[in-house]
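A.B. asks: Curious how this folds, go ahead:
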Amino acid sequence: MTISFLFVALFVLMFIGIPVAISLGLSGAMTILFFSNDSVRSLAIKLFETSEHYTLLAIPFFLLSGAFMTSGGVARRLIDFANACVGHIKGGLAIAAIMACMLFAALSGSSPATVAAVGSIVIAGMVRSGYKQEFAAGIVCNAGTLGILIPPSIVMVVYATATETSVGKLFMAGVIPGLLLGVVLMITIYILARVKNMPALPRASFKEIVTAGRKAGWGLMLIVIILGGIYSGMFTPTEAAAVAAVYAAFVAIFIYKDMTFRECPKVIVEAGKLSVVLMFIIANAMLFAHVLTTEQIPQSITAWVVEQGFTPIEFLLVVNVVLLVAGTFMEPSAIILILAPILFPIAMQLGIDPIHLGIIMVVNMEIGLITPPTGLNLFVTSAVTGMPLTRVVRAVSPWLLVMLAFLILVTYVPFVSLALPNWLGM
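C.D. replies: Modelled structure (predicted):
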């Protein structure tokens with residue numbers, strides 16, 4: 001009865017239009033009030049404990065870093081570097097867009113930020129070069145999802161918080177899948193470009209490539225600082241996020257000089273708004289997870305799954321279906337915080353690696369970001385291009401097949417996710 005009421009209350013509240021964050025908190029509070037021996041005051045204590053969670057500090061810092069990088073012209077220099085490297089290939093401008101998304105993803109940790117930063121420059125340039133706007137929008141909207149797969153990833157930080165796993169190990173596990181997905185998208189574009197005879201840019205000279213690389217070097221160095229600092233043991237992922245924010249501000253103001261001190265408060269306020277929204281969702285989702293734990297709902301579901309005799313293959317199939325459906329109408333962080341506490345103990349019981357499960361969940365969240373009706377990347381792409389949402393959905397639809405094929409690969413070939421962490425002995 002408790003399980004039924006909790007989830008029915010959640011979905012009814014969301015169905016009548018109450019924001020996801022408030023729905024999570026209210027459904028948890030009502031469940032404790034009507035069905036639990038626990039005190040409602042425990043929710044206030046849990047809310048306070050959530051605000052003290054050290055790992056979550058990485059989120060506002062990574063958002064601030066991404067805001068400075070987006071406003072400071074780093075995206076434009078990364079795109080120029082990508083064009084110089086691969087622009088001469090058939091469909092080279094589209095391939096360069098994928099490459100630019102991969103590079104910016106390794107700086108921002110945010111998918112919508114990647115789409116906004118790269119898309120605002122690349123899509124218009126592709127249209128001027130002879131590409132159809134739908135094709136350009138579809139590529140950037142899809143490739144922008146790499147922002148939560150290639151480390152540093154805000155969604156990975158949320159998963160690590162919900163399951164108490166290593167953020168550093170999750171970051172490292174996302175490297176190979178992120179690079180592999182980028183390469184798969186590039187190969188797909190190259191094949192389409194050969195078939196449809198898409199345009200290519202003139203080949204850049206070695207000097208032009210070096211020059212473009214030098215101009216983008218300060219932005220690229222941030223990748224080295226973040227990941228190198230974490231894996232060398234110089235600082236934790238949270239400290240790396242703080243270093244990234246300071247470095248991004250320094251580069252934007254003093255090196256590239258694309259920003260002035262007067263513009264800094266605006267950038268900080270915008271990053272602050274995003275942080276407040278995300279942290280409010282996380283705080284309420286933590287309350288929801290607290291109710292799950294106190295009522296031993298994950299343990300009950302785990303016992304039921306074990307009794308049904310589910311194999312790991314069958315369980316992961318169900319996980320993917322549930323996550324794909326949830327991704328169509330909920331924000332990634334909320335999905336992770338609601339479902340990870342339920343799925344995690346079952347995965348442990350079936351012998352599934354928690355890091356592997358984390359990457360599977362992140363890839364599902366990528367697909368959710370480009371799935372209507374609430375895929376966030378769809379709305380960002382529509383805003384950047386001025387295209388109606390329906391046209392953006394049609395533009396992205398063919399790429400969903402590639403993403404689904406990649407999801408199957410990541411789900412049933414754990415080596416893709418675990419090879420690098422295992423090799424490094426993490």
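A.B. asks: show me where the stretch 301-426 of the chain has helices.
C.D. replies: In the stretch 301-426 of the chain, the segments counted as helices under DSSP state H, counting those that start in this stretch are 312-327, 332-349, 354-369, 376-385, 389-412, 415-423.
A.B. asks: Tell me which of those is the most buried.
C.D. replies: helix 354-369 (a mean of 25; mean count of other Cβ atoms under 10 Å). Any C-beta I mention is one placed from the backbone N, CA and C, and that applies to glycine too.
A.B. asks: For the protein, which segments are assigned as strands?
C.D. replies: For the chain, no strands turn up when DSSP state E is the criterion.
A.B. asks: So which helix or strand of it has the lowest pLDDT on average?
C.D. replies: The helix or strand of the chain with the lowest confidence, counting by mean pLDDT, DSSP states H and E, is helix 41-51 at a mean of 69.
A.B. asks: ok, back up a step: how about the helices of the stretch 301-426 of the chain, which one is nearest M69?
C.D. replies: helix 376-385 (16.0 Å; Cβ to Cβ).
A.B. asks: from the chain's centre, how far out does that closest one sit?
C.D. replies: In terms of Cα atoms, centre = their mean, to the nearest Å, the centre of helix 376-385 is set 16 Å apart from its chain centre.
A.B. asks: Show me the shaky parts of the stretch 1-150 of the chain.
C.D. replies: Filtered on pLDDT under 70, the stretch 1-150 of the chain yields the residue ranges 1-3, 38-40, 42, 46-47, 49-54, 72.
A.B. asks: Nearest the geometric middle of the protein, what residue?
C.D. replies: For the chain, I148 is the residue whose C-alpha lies nearest the centre (Cα atoms, centre = their mean; 2.1 Å).
A.B. asks: contacting residues around K196?
C.D. replies: By Cβ atoms under 8 Å, 6 or more residues apart in numbering, no residues touch K196.
A.B. asks: do you know how far it is from Y131?
C.D. replies: 10 Å (Cβ to Cβ, to the nearest Å).
A.B. asks: next one: V210
C.D. replies: 27 Å.
A.B. asks: and if you look at E314?
C.D. replies: 42 Å.
A.B. asks: before we move on, what about H88?
C.D. replies: H88 is 16 Å from Y131, by Cβ to Cβ.
A.B. asks: ok so, going back, neighbour-wise, which of V210 and Y131 wins?
C.D. replies: More crowded of V210 and Y131, by other Cβ atoms under 10 Å: Y131, with 22 against 12.
A.B. asks: Isn't I189 up against I139?
C.D. replies: Yes: counting by Cβ atoms under 8 Å, I139 is a contact partner of I189 at 6.9 Å.
A.B. asks: More neighbours: which of those two?
C.D. replies: I139 (29 against 24).
A.B. asks: now that we're looking at the more buried one, which residues does it contact?
C.D. replies: Contacts of I139 (Cβ under 8 Å, 6+ apart): A94, A97, I98, L185, I189, W399.
A.B. asks: Repeat that for L220.
C.D. replies: L78, F81, L103, G213.
A.B. asks: Most neighbours among these, which one is it?
C.D. replies: Highest count within those by other Cβ under 10 Å belongs to L78, 28 neighbours.
A.B. asks: what's near enough to touch that one?
C.D. replies: A100, L103, F104, V118, A216, G219, L220.
A.B. asks: For these, work out which two are farthest apart.
C.D. replies: So, the contacts of L78 by Cβ to Cβ: farthest apart are V118 and L220, at 14.9 Å.
A.B. asks: any idea how far V115 is from V158?
C.D. replies: Plainly put, V158 is 19 Å away from V115 if you go by Cβ to Cβ.
A.B. asks: hmm, I was thinking of T385
C.D. replies: For T385 relative to V115 (Cβ to Cβ), the value is 10 Å.
A.B. asks: again, but for P414
C.D. replies: P414 is 29 Å from V115, by Cβ to Cβ.
A.B. asks: cool, A245 as well?
C.D. replies: Distance, A245 to V115, using Cβ to Cβ: 21 Å.
A.B. asks: between these two, which one's more packed in?
C.D. replies: Taking other Cβ under 10 Å, A245 and V115 do not tie; V115 has more neighbours (31 against 22).
A.B. asks: Without its sequence neighbours, what residue ends up closest to that one?
C.D. replies: G144 (3.4 Å; Cβ to Cβ, 6 or more residues apart in numbering).
A.B. asks: Next up, the contacts around the one you found.
C.D. replies: The contact partners of G144, by Cβ under 8 Å, 6+ apart, come to C101, A105, S111, P112, T114, V115, V118, G119, L369, N377, V380, T381.
A.B. asks: Take those residues and write them to TSV, including distance to I16.
C.D. replies: Listed next are those as TSV, based on distance: Cβ to Cβ, whole Å:
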residue	distance to I16
C101	37
A105	36
S111	28
P112	26
T114	33
V115	30
V118	37
G119	34
L369	25
N377	26
V380	26
T381	29
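A.B. asks: Show me which pair in those is furthest apart.
C.D. replies: A105 and T381 (15.5 Å).
A.B. asks: Next, the buried residues of stretch 205-225.
C.D. replies: Counting neighbours by 16 or more other Cβ atoms under 10 Å, one finds that the buried residues in stretch 205-225 are A212, K215, A216, W218, G219, L220, L222, I223.
A.B. asks: Same check on stretch 98-108?
C.D. replies: I98, M99, A100, C101, M102, L103, F104, A105, A106, L107, S108.
A.B. asks: mind listing what the nearest residue to I150 once chain neighbours are set aside touches?
C.D. replies: Of all residues not flanking I150 in the chain, G178 sits nearest, at 3.5 Å (Cβ to Cβ, 6+ apart). Shown in contact with G178 (Cβ under 8 Å, 6+ apart): M102, A105, L146, L149, I150, P151.
A.B. asks: ok, those residues vs P345, which is closest?
C.D. replies: L149 (24.5 Å).
A.B. asks: Test my guess that that closest one contacts E366.
C.D. replies: Yes: with contact defined as Cβ under 8 Å, L149 counts as touching E366 (6.0 Å).
A.B. asks: which one of the helices of the stretch 301-426 of the chain lies closest to V277?
C.D. replies: helix 332-349 (10.0 Å).
A.B. asks: Could you export the closest one as CSV, keeping only the C-alpha atoms?
C.D. replies: Extracted in CSV, the C-alpha atoms of helix 332-349 (Å, rounded to 0.1, in the frame of the first residue of the first chain):
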residue,chain,number,x,y,z
PRO,A,332,17.7,13.5,-16.0
SER,A,333,18.8,14.4,-12.5
ALA,A,334,15.3,13.7,-11.0
ILE,A,335,15.1,10.3,-12.8
ILE,A,336,18.5,9.3,-11.4
LEU,A,337,17.6,10.3,-7.9
ILE,A,338,14.3,8.6,-8.0
LEU,A,339,15.3,5.3,-9.7
ALA,A,340,18.9,4.8,-8.7
PRO,A,341,18.1,3.9,-5.0
ILE,A,342,15.6,1.3,-6.4
LEU,A,343,17.7,-0.1,-9.2
PHE,A,344,21.1,-0.1,-7.4
PRO,A,345,20.4,-2.8,-4.8
ILE,A,346,18.8,-5.1,-7.4
ALA,A,347,21.9,-4.7,-9.6
MET,A,348,24.2,-5.5,-6.7
GLN,A,349,22.1,-8.6,-6.0
